[in-house]
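Participant: Pasting the sequence and the predicted model now:
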Amino acid sequence: MPITRDDVLAAYRTLLGRDPESEDVVVARLGQDTVASLRAEIMASAEYQRRRQAHAPARPQRANLVTDEEVAAVYGALLGRAPEDPLLGAHYRAAEMTAVDLMLFVMRSPEFQRTAGPRFSTLPPGPSPETKDPSGHPPIRHPFAMEPRLLPLYFFLHIPKTGGTSLNRAFDRMFRSFVLYTSPKDLEQRVREDAAFFHRWLLVTGHILVGNPAALASPRPNVFLAVFRDPVARAISLYDYARALPTHPLHEPLSTMTLAEATRSCVPFRHVTTNAQLRFVFGGTTMAEVRDALRARSYVLGRVDALDAFLDAVSAYSGLPRPPFVPRLNAGEDQPPAEPAATQPDIAEARAALAEANATEAAFVSEWLDRPLATVGVAASKAARASQSDLRSAGHG
């Protein structure tokens, strides 16, 4: 159900404590599909982030967190050695681990299974090195060899028509059983109702904005992954895809319009094709907002025409091996509508209008993403990277 003017006013007053700047802003916001998507977009803005930080209550800390003495005792009893870094205790406390949590974590580690494990339990022997894996790739690392809460929380901001469906299959191989596929509404409910949400997942993926509820509430460092596409090519692809798919929210309004007509008069289509990738990933559409976001958050960004380079960058940042190839899935060109945009008589007009409306986004894609862009915007992310290094040297990787 389309949102109303009252919905826009209520969202601004609730989230920003003020009315919209002008009636033009209200009209532009009426292009949102749902109130949830409107709220998510406002929550991704720099203004909301500043307001939230200024009014955020102190987060209560879990009781009985593991002490440095308990870390030393657990390592000594289960691994027969001292912790390799005196700062490990701080990392475990940041992950809200108790002494029992740490004991279970260490007992699941390859180091424990390889050395001290046989003294505490009897486990069936593993396959011999000569045994071939029927899936065609090396044996998968046991999921309990990683503890998600000790690592950054990754978010794949899946911008529609940028190769995200194909990338999700690759991320399945990289992040294994720690991937959550979600929607904005489902994610908000999970964060609100699941007390262990931030202990379960390494990667959250979906058509979610940078200001999603999990990112705002996360006690772990956030790392945002996204792939961009030339905005004109993306708009044409989205137009054809929506017209070919009867269940798409834009199918009905676009079914009787050429691309040029949709660019001029279809407000919902204009909203999702005008600097929408910048808004999706950075919470704003100006280069000043982009620079502020890159300084404030951790990103790994790439382009749809260089997915292998993007996956290499994600692998280098996360330390997780990437699959050897990226499958090609959900390509709208495989199911063209009756009259694709490329065959319409006013396609040149549409391309020119889209290029003019997306000048800022096109400049960012061509000038900033000639190769994958990775930023570490907050000190907490550097601490998380150090934690990953500590854990690998401890034998937990």
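Facilitator: The structure has been received and is ready for your questions.
Participant: how far away is the closest residue to residue 212 other than its chain neighbours from residue 78?
Facilitator: The spatial neighbour of residue 212 that comes closest, neighbours along the chain excluded (CB to CB, 6 or more residues apart in numbering), is residue 187 at 5.9 Å. (C-beta placed from N, C-alpha, C; glycine too.) If you measure residue 187 against residue 78 using CB to CB, to the nearest Å, the figure is 36 Å.
Participant: cool, residue 270 as well?
Facilitator: Distance from residue 270 to residue 78, by CB to CB: 60 Å.
Participant: what does residue 259 give?
Facilitator: 63 Å.
Participant: same question, residue 103
Facilitator: Taking CB to CB, one finds residue 103 at 7 Å from residue 78.
Participant: More neighbours: which of those two?
Facilitator: residue 78 (21 against 17; other CB atoms under 10 Å).
Participant: just how off-centre is the helix or strand hosting the residue nearest to residue 212 within its chain?
Facilitator: Assigning secondary structure by DSSP states H and E places residue 187 in helix 184-193. Offset of helix 184-193 from its chain centre (CA atoms, centre = their mean, to the nearest Å): 15 Å.
Participant: could you give the mean pLDDT of that helix?
Facilitator: The pLDDT scores in helix 184-193 average 91.
Participant: which secondary structure elements does it contact?
Facilitator: Counting contacts by 3 or more CB pairs under 8 Å, 6 or more residues apart in numbering; DSSP states H and E, helix 184-193 packs against helix 35-43, strand 203-206, helix 213-217.
Participant: list the contacts for the nearest residue to residue 238 once chain neighbours are set aside?
Facilitator: Spatial nearest neighbour of residue 238, chain neighbours left out: residue 161 (4.8 Å); criterion: CB to CB, 6+ apart. By CB atoms under 8 Å, 6 or more residues apart in numbering, residue 161 lies in contact with 229, 234, 237-238, 241, 332.
Participant: if you compare the helices and strands packed on helix 184-193, which one is most tucked away?
Facilitator: strand 203-206 (a mean of 23; mean count of other CB atoms under 10 Å).
Participant: CA-only coordinates of that strand in CSV, if you can.
Facilitator: Coordinates of each C-alpha in strand 203-206 appear next as CSV, following Å, rounded to 0.1, in the frame of the first residue of the first chain:
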residue,chain,number,x,y,z
LEU,A,203,27.1,-12.0,7.2
VAL,A,204,23.7,-10.4,6.9
THR,A,205,22.5,-10.0,3.3
GLY,A,206,19.5,-8.6,1.6
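Participant: contacts for it?
Facilitator: Contacts of strand 203-206 (CB under 8 Å, 6+ apart): 153-156, 158, 164, 168, 171, 175, 178-184, 187, 212, 214.
Participant: switch the cut-off to 10 Å
Facilitator: The contact list for strand 203-206, computed with CB atoms under 10 Å, 6 or more residues apart in numbering, reads 148, 152-158, 164, 167-168, 171-172, 174-176, 178-184, 186-187, 190-191, 197, 212, 214-215, 218, 222-223, 225, 314, 318, 320.
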